[in-house]
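1. Structure, please.
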Amino acid sequence: MEINMEHQLSPRITKFNINPCSILVGLHVLMNKLAAKNGERSNFAFSPLSFHSMLSLIALGSEGPTLKQMLTFMGIDGVDELNFLASHLVSSVLLPPENDNDDISHGPIVSFVNGAWLDHRFKLKAPFEQIVRSVYRATAKEVDFLELPDQAREEINKWAEKESRGLIRNLLPPDGIDEETILILTNALYFRGTWSIPFDISKTHQRDFHTLTGSAIQVPFMATDANQKHLYASSNDHQVVKMPYQTGSDHDSRRFSMCFFLPNARDGLAGLLDRIRAEPMMLNPQVAERVVSPVWIPRFKFEFEVEASSSMMELGLVLPFCDMYGLNGMVEIADEPVVLSKVFHKTMIEVNEEGTEAAGSSAGRIRGLRCRSAAPPSFVADHPFVFTIVEENSGSVLFLGALLNPLLVS
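-> This next block holds a predicted model:
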């Protein structure tokens, strides 16, 4: 399918707001975790870009009221705009690496792939397959979900692990495939970048991190040089520090940064999340360069996984799960209801003195069945905070997360 590059994005899809619906799904998952018993003890990470791509593929296979609801949910005016946005992201954010050696001296490594895993008894409908292959550059492969479900799950999980450089393991859980599974749409996003000004590891030492329970734990904190200038902003309830990654070659215009959103109050995470949910554009803050001293950021590494269908339905996206014929644009199947049944998402992130390595992967399971200001400020991140990894020019949010306990790995 030829993409019209003269197409204009909807006013709702603007710079700094490319994947708002996926951001809201991530925030909904996080806030539900915080409200649940013991939820405050778990860290959280989510890839809005990965999730958005999966939603886009599902929307392309939708028809009638289901398609209309999906486009409304995603803030997109039509299928042409959906495909244009996918092409735009590929060309502006997800460029292929300049070398095959994962050499980050040429700027951050960003790779993204889509996959479609179809039961061998069925065929993809030609229009859907054409767009999946040409616009979304997805690989399509036949598997046997009915007779060899464990083998199919292992193959999909190995694919996700390979494409995420080993960071995403067991994307599909043991019950991720059932006898009614006919199609699984997957993707994998990988990011690795070096700070434009790396932290000096000799300055890393133990400090107290204050959890939401009120307890203090000793964790390794990275520190910047005294009186170093940073991209910084503050409001009456939080501070933001934006830390850029090294850029690539002259003809690579992408600029990636990691933002740390620190509530002023040690127990202010929930209030900050409420503000972000009401104003998603906060995730791409307007910052200015100024001296910030000291800046202390905890070193951390963890993974997070979720089955997100309940959050999607609670946010109003219900028809893909229960409109009997709403997803019949995907697979050639004789008068059989086709619905979305499960949405799996897994993310891993590590932040250290050199930079950041992160990966996110999503899988949507399709079933054929019956339907469901003053002195220099300081920035001491010694209590729970929100973080993002963004591409500045497009405003695309690759990763969104919250650190509640740096010692936890999940």
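2. can you tell me which residues contact the nearest residue to Ile201 once chain neighbours are set aside?
-> Leaving out its chain neighbours, the residue that sits closest to Ile201 by Cβ to Cβ, 6 or more residues apart in numbering is Glu353, at 4.6 Å. For the C-beta atoms, the positions are set from N, CA and C on the backbone; glycine is no exception. Counting by Cβ atoms under 8 Å, 6 or more residues apart in numbering, Glu353 makes contact with Pro198, Phe199, Asp200, Ile201, Thr204, Met222, Arg299.
3. Which member of those residues is positioned nearest Arg133?
-> Pro198 (40.2 Å; Cβ to Cβ).
4. Where does pLDDT dip in the chain?
-> 1-19, 37-41, 95-106, 250, 334-335, 369-375 (pLDDT under 70).
5. how far away is the residue nearest the centre of it from Ile333?
-> Central residue of the chain (Cα atoms, centre = their mean): Ser47, 0.7 Å from the mean position. Remark: distance between Ser47 and Ile333 (Cβ to Cβ, to the nearest Å) = 30 Å.
6. what does Glu391 give?
-> 38 Å.
7. Between the two, which has more neighbouring residues?
-> A count of neighbours by other Cβ atoms under 10 Å puts Glu391 above the other of Glu391 and Ile333, at 23 against 16.
8. partners of the more buried one in the sheet?
-> Phe256, Ser396 (DSSP bridges).
9. is it fair to say Phe51 lies in a helix?
-> Yes - under DSSP: H, G, I helix; E, B strand; the rest coil, Phe51 falls within a helix.
10. Is it correct that it is in contact with Val25?
-> Yes - counting by Cβ atoms under 8 Å, Val25 is a contact partner of Phe51 at 6.2 Å.
11. Could you tell me which residues touch both of those two?
-> Contacts common to Phe51 and Val25, judged by Cβ under 8 Å, 6+ apart, are Ala308.
12. hang on, the earlier thing: I figured the residue nearest to the centre of the chain was touching Thr347, is that so?
-> Yes - assessed by Cβ under 8 Å, Ser47 is found in contact with Thr347 at 5.5 Å.
13. Name the residues contacting each of these two.
-> Ala358, Gly360, Ser361, Phe399.
14. The third one contacts Thr186, correct?
-> If I follow you right, that is Ser361. Yes - assessed by Cβ under 8 Å, Ser361 is found in contact with Thr186 at 6.9 Å.
15. what sits in contact with each of those two?
-> When contacts are counted by Cβ under 8 Å, 6+ apart, Ser361 and Thr186 have Ala160, Leu171 as shared neighbours.
16. buried ones in the host helix or strand of Leu24?
-> Using DSSP states H and E, Leu24 falls within helix 20-35. For helix 20-35, a neighbour-count test (16 or more other Cβ atoms under 10 Å) marks 20-31, 33-34 as buried.
17. Now do the helices in the stretch 301-410 of the chain.
-> Secondary structure of the stretch 301-410 of the chain, counting by DSSP state H, counting those that start in this stretch: helices at 309-314, 319-322.
18. on that earlier part again, show me the contacts for the residue nearest to the centre of the chain.
-> Per Cβ under 8 Å, 6+ apart, neighbours of Ser47: Leu189, His345, Thr347, Ala358, Gly360, Ser361, Ser362, Leu398, Phe399, Leu400.
19. neighbour-wise, which of those residues leads?
-> Among these, Ser361 has the most neighbours (other Cβ under 10 Å), with 32 neighbours.
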